[in-house]
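Novice: give me a model of this one.
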Amino acid sequence: MCSFGKYSIAAVVLLFSVPVICQNILFLQTTPSKSHHIWNKQIFDRLYENGYNLTILSYEEEHSIPAFNAPSYTAWLADIPTRVTTMPNYASNFGPNMTFLERCWNLFYWTLDYFYRQWIFMSNEDGRVRELFGMNSSSTTQLEKKSEIVLVNMDFSMDYHQSLPPNVIPVGGLHISRQEQLSPDLEEFLDRPSKAVILFSLGTNVKSEGLGLDINRAILDAFVSLPEYNFIWKHGDPVSLGSLPANVFVRSWIPQGKILSSGKVRLLISHGGLLSLQEAVWYGAPVVGIPFFADQYQNVDKLVRAGVALRLPLPHLNRNSLTEVIQAILQNDRYHENMLQRSKWFKNQPEMPLDRAIYSIEKVIQCKGSLHLQSPTNGMTPVQAYGIDLLVGAFITLALVRKLVRHLLSSVNKLS
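Specialist: Sure thing, here's the model as predicted:
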């Protein structure tokens with residue numbers, strides 16, 4: 001572990017005694033988040049299997065990169081055209097078909113997002129770069145424009161329409177192919193007779209035990225009131241729940257993907273994390289979303305609009321509301337049917353998302369770059385890229401022509 005100022009960076013070098021193809025890959029991971037190591041670990045493992053040397057720089061020993069959908073800054077990073085009239089900013093709860101007022105707010109969100117990132121956040125990053133590497137270092141804006149390809153964790157089976165340039169590769173769901181195992185007691189619980197299995201998991205950033213004893217008791221009471229269903233609950237402190245009813249299985253960690261792949265789960269109760277929702281869509285399990293922060297609100301809202309989920313706001317979470325929303329989904333086959341259709345769309349791909357990600361990375365390495373795939377607007381300002389300067393020029397030209405015509409007409413009238 002080495003320290004640069006107040007930032008600690010852990011350098012982890014993966015060295016294995018296997019033949020390599022003399023290619024070295026450096027991963028710079030700038031987002032500390034234990035919940036997202038699942039996503040990037042699939043890339044690490046596959047590249048290692050293919051014979052590459054990997055060096056990973058991370059802010060923590062638990063390696064991580066953001067598993068965020070397609071962050072708003074991707075538009076500036078890879079010159080993705082953003083239609084603010086149809087592409088909701090992640091800070092909003094709008095759908096793609098917005099009213100005039102919603103489009104105005106959406107334009108405000110995107111504009112605020114752009115100016116904050118470009119003029120405040122990136123400026124602060126430039127200061128850190130100069131502090132660490134000298135005053136003559138390249139700016140972060142210049143560095144990010146050198147990106148050859150961008151892998152985005154999205155798929156149009158559950159995400160809004162967005163035009164992507166050829167160097168932006170959608171690889172949503174690449175973590176789904178990871179290998180997991182069911183413990184014997186969990187496998188036995190899944191095999192127990194019931195109307196359906198319901199999985200309750202709030203990921204790793206949000207912890208069930210952190211909700212407090214009252215909410216934990218309300219959740220457990222809701223499970224008890226539905227004895228015809230079997231519940232699997234990811235909870236970091238099972239002992240605090242006391243004795244459990246026969247239809248409730250609690251563990252501090254569960255192989256969520258493997259459980260969903262069993263085909264026995266008819267409902268996922270989730271915090272709205274993107275990886276969890278992608279697994280739910282892939283395996284055809286409707287969702288009750290309890291979002292807490294960041295993109296979770298829009299992630300859940302997308303599935304609600306698609307007719308495959310219901311949202312339960314955290315302040316409204318109690319025994320009755322949880323029971324009602326569970327029954328609302330499980331007693332209406334429409335949610336399951338809609339999710340099965342989404343699952344077909346998600347799975348209908350020429351290759352697995354992880355294979356596509358690895359192919360794209362290796363193609364850049366083998367071809368020594370992919371400049372031919374980059375957008376021609378790279379290096380342009382948004383004013384130039386979206387033709388705003390042309391509109392302003394046209395407006396000024398029309399104003400001058402109008403003024404000239406009025407002057408000529410006035411002169412003719414005076415002569416007559």
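Novice: measure how far stretch 349-357 is from the centre of its chain, please.
Specialist: 18 Å (C-alpha atoms, centre = their mean, to the nearest Å).
Novice: convert the C-alpha atoms of it to CSV, please.
Specialist: Provided in CSV are the C-alpha atoms of stretch 349-357 (Å, rounded to 0.1, in the frame of the first residue of the first chain):
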residue,chain,number,x,y,z
GLN,A,349,-27.4,-11.7,-28.6
PRO,A,350,-24.9,-13.2,-31.0
GLU,A,351,-22.4,-13.7,-28.1
MET,A,352,-22.3,-13.3,-24.4
PRO,A,353,-21.6,-9.8,-23.2
LEU,A,354,-18.4,-10.8,-21.5
ASP,A,355,-17.1,-12.4,-24.8
ARG,A,356,-18.0,-9.1,-26.5
ALA,A,357,-16.1,-7.1,-23.9
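Novice: which helix runs longest in this protein?
Specialist: helix 388-415 (DSSP state H).
Novice: and it, average pLDDT?
Specialist: Mean pLDDT, helix 388-415: 88.
Novice: quick check: buried residues in that helix?
Specialist: Across helix 388-415, burial judged by 16 or more other C-beta atoms under 10 Å covers no residue at all. For glycine as for every other residue, the C-beta is placed from the backbone atoms N, C-alpha and C.
Novice: now stretch 87-106
Specialist: By 16+ other C-beta under 10 Å, the buried positions in stretch 87-106 come out as 87, 88, 89, 90, 91, 92, 94, 98, 102, 105, 106.
Novice: and the fifth one, what does it touch?
Specialist: In this case it means residue 91. 109, 113 (C-beta atoms under 8 Å, 6 or more residues apart in numbering).
Novice: what separates it from residue 138, distance-wise?
Specialist: As judged by C-beta to C-beta, to the nearest Å, residue 91 and residue 138 stand 30 Å apart.
Novice: again, but for the fourth one
Specialist: Counting by C-beta to C-beta, the separation of residue 90 from residue 138 is 29 Å.
Novice: quick check, nearest of the buried residues of stretch 87-106 to residue 176?
Specialist: residue 90 (22.3 Å; C-beta to C-beta).
Novice: surely that closest one meets residue 301?
Specialist: No: using C-beta atoms under 8 Å, residue 90 is not in contact with residue 301, being 10.2 Å away.
Novice: tally of neighbours for the closest residue to residue 222 other than its chain neighbours?
Specialist: Take residue 222 and drop its neighbours on the chain: the residue closest to it by C-beta to C-beta, 6 or more residues apart in numbering is residue 322, 4.2 Å away. When neighbours are counted by other C-beta atoms under 10 Å, residue 322 registers 24.
Novice: contact partners for residue 322?
Specialist: Per C-beta under 8 Å, 6+ apart, neighbours of residue 322: 218, 219, 222, 269, 288, 312.
Novice: residue 188 should be in a helix, yeah?
Specialist: Yes: according to DSSP: H, G, I helix; E, B strand; the rest coil, residue 188 belongs to a helix.
Novice: what about it, distance to residue 229?
Specialist: 17 Å.
Novice: those two: which is more packed in?
Specialist: Shown here are residue 188 and residue 229; by other C-beta under 10 Å, residue 229 has more neighbours (19 against 11).
Novice: is it true that that one touches residue 199?
Specialist: No: in this structure, residue 229 is not within contact of residue 199 by C-beta under 8 Å, at 10.9 Å.
Novice: before we move on, back to that, in helices, which of the buried residues of stretch 87-106 appear?
Specialist: Using DSSP H, those in helices are 102, 105, 106.
Novice: turn the residues you listed into CSV, columns for pLDDT and distance to residue 373.
Specialist: Below are these laid out as CSV (pLDDT from 0 to 100; distance: C-beta to C-beta, whole Å):
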residue, pLDDT, distance to residue 373
102, 94, 34
105, 94, 34
106, 93, 29
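Novice: can you tell me how far residue 369 is from residue 147?
Specialist: Where residue 147 is concerned, residue 369 sits at a distance of 11 Å (C-beta to C-beta).
Novice: of the two, give the one with the bigger neighbour count.
Specialist: residue 147 (16 against 12).
Novice: any idea how the protein splits into domains?
Specialist: Domains of the chain are assigned by automatic domain parsing as 1-66, 73-173+363-385, 180-331, 386-415.
Novice: with that, I have no additional questions.
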